[in-house]
Every structure is written in C-alpha cells, then in structure tokens.
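the sequence isn't on hand, but the structure is:
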C-alpha cells in the first residue's frame, strides 16, 4: 500500500506572507468585540468561573476552555484573552492544513466565508477544536496515528463532541489495521470514561432529548455534501496515494450520510455540531478540484476562478440572507471599539 507523503513545502518554514496572515487572523478573530451569536454566552462562561478555585472552574465545562476562562477572570483580561488564545490555535491549524494542499491559498479562500467568519468568530470552542482537528488530519495524512489521536483529544478538551473523530484513525489505511483498531478503541473508551461521559450525557440531553434545532443546518450539511459528491465522482483523478484516497472517500461518504441523518434526527443542532468537523473536506476537495477536473499540475485558471466565485457567493448569501448574520455586523474590534 502506498505510503502518504506531505505535500512539498508544508514542512518548510512559513514565509512572511503566511506569518502575516496568521497574525491577521489572530487579530481579527481573537480581538473581535460583540461579534457572533454566542457572544453573551461566552461572557456568561467567564462569570461562572469568576471568584472560584481552579478545581471548581474545571468542573464548569470543557476543561481546556474553562481553564482559559479562569485565567481570563483571574487576570482581568476577560473574553479577549480566551478568544485570542483560541484564535492562535485555530489559525495555526488552519494554515498548516491549507499548506498541506497543492493550492494552499485557494484552500484559504474556501475557508474564509464560513469556517473563519462564522465558525471561528461565532463558535469559539468548536472553532479551536476544529483547528486541532485540522492539525490531526495533516498528521493522519502522514500516517502518524498517535499524533492524530493526541490532537483530537486536545480538541475534545475544548469541545467534547470532537471525541467522535478518534475512530477516524482506523480509516487511515495503515497496514496494522487490527492493532490500530484496538488501541484507538481503547483510547476512545478511556477518554470517554475519564473526561467526557458527563459532558456527552449533557450533550445528549441538551440536543437530542430537548430536540434543539439549528437554523441553516440543512445548508451547512449541504455545503459538505457538495464537495463530497465531487470527490466521489472524480476521486480517481485526485492523484492521491491509495491510503489517503481511501480515507477521504470515507470522509466523503460520512458527509453524505449527514443528509439522511439530519432528516431523521429529532435535533438538527446535534447533527449540525458534529457535521462542522467535516468542513475541512470543503477545503481539501475544492482547492484540489481544478487539478482533478482540469489539466494535472496546470494553471486551470478558469476552474480556480470558479472556486473563488463559489466562495464569494457563499460569503454574499450568508451576509445578506442568513437570519443570524446581524450578530456579526458590523464587525467590531476591541482596539477601536
């Protein structure tokens, strides 16, 4: 079976433009002010860990996020400290993942309308979790299974739902499949038992038993389903090693599976929250699509423009038609607000 290799240049030092983009993302995401539909909820999280011990704070919610909130409360830096640290991890994961693609800047263009603007600026905990997941996916593409599990565990300390991704290591195409299944399964059970059982039970009660609904969940699931179908349709033209081809085939099938699951689930919120972890599929497929359906390693300018235009349409439609877009408009930053 073919061994996976990182795209040339992904392990090299970041250029000045990547460093500049990294700090721009951290600035825009981390120091935003009253941006995002859950802004007041995150303020409440800090209030809950104010004037309590660290041990008590860690019991409030996901441990890594609660720790950041406790430090923010103790130092008086407030939500901006928490958001900035989360923005650093998210931006790190995003840039590493984009640089692992043949057209890294096109992958970044695909990420901006929804992953950066909506998720990172609106769902702070899940945004940082997805950042770690993207680091894990790059490790998984290099068959570094243990590193993938570590990154997913870190993601789950910010948002417990990320633990659902640990079994993906089994799909990485390793030769030692049974051994991988054994210890990945053991890691999942132990981590669930030690840290997440109470949180997962709360997730089940809050999302499923209360039948919470998310506006736009169908559109978000469809945004993953479209690149999934494109990948399955042209998968033999993506020029991937067999192991990587197998993994992203399963990821695409998973993205399509969310469509009937969403239709049958009593809570669109539960499906919506889990489907967010499939957003990297959009970056992976759409940034590689020009080479897949055009000339291999060619400029394929019109196809690139098509992907950019699609991303612009996503941004336009969300800004002008999403019922919750008002919570992001106008953008404000603590530096000038």
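In hand now; what should we look at? Since we're looking at a predicted model, the values are computed, not measured.

ok, and for whichever helix or strand residue 253 is part of, which residues are buried?
According to DSSP states H and E, residue 253 maps onto helix 242-264. By neighbour count with 16 or more other CB atoms under 10 Å, helix 242-264 contains the buried residues 243-249, 251-252, 254-255, 258-259, 261-262. Glycine gets a C-beta too; all of them are placed from N, C-alpha and C.

confirm for me that residue 240 is in contact with residue 249.
No: contact between residue 240 and residue 249 fails when scored by CB atoms under 8 Å: they sit 9.5 Å apart.

residue 281 against residue 256, yeah?
No: in this structure, residue 281 is not within contact of residue 256 by CB under 8 Å, at 10.5 Å.

what touches both of these two?
Here residue 281 and residue 256 share the contacting residues residue 228, scored by CB atoms under 8 Å, 6 or more residues apart in numbering.

count of residues packed around residue 111?
When neighbours are counted by other CB atoms under 10 Å, residue 111 registers 26.

would you tell me what the next helix or strand after the strand or helix carrying residue 121 is?
Per DSSP H and E: residue 121 is located in helix 121-122. Counting by DSSP H and E, the element after helix 121-122 in chain order, helix or strand, is helix 124-141.

can you pull out the helices in the stretch 101-250 of the chain?
Secondary structure of the stretch 101-250 of the chain (DSSP state H, counting those that start in this stretch): helices located at 104-111, 121-122, 124-141, 145-156, 177-191, 197-203, 217-234, 242-264.

out of those, which is the most enclosed?
helix 124-141 (a mean of 27; mean count of other CB atoms under 10 Å).

now that helix against helix 145-156, angle please.
For helix 124-141 against helix 145-156, the angle by axes from the mean of the first three to the mean of the last three CA atoms, to 10 degrees is 180 degrees.

what is helix 124-141 packed up against?
Packing partners of helix 124-141 (3 or more CB pairs under 8 Å, 6 or more residues apart in numbering; DSSP states H and E): helix 63-75, helix 79-99, helix 145-156, helix 242-264, helix 280-293.

list the contacts for residue 59?
Residues near residue 59 by CB under 8 Å, 6+ apart: residue 66.

give me that answer again for 10 Å
Residue 59 sits next to 49, 52-53, 66, 198 when contact means CB atoms under 10 Å, 6 or more residues apart in numbering.

one more: residue 316?
Here residue 316 is in contact with residue 113 (CB under 10 Å, 6+ apart).

double-check that it belongs to a helix.
Yes: going by DSSP: H, G, I helix; E, B strand; the rest coil, the assignment for residue 316 places it inside a helix.
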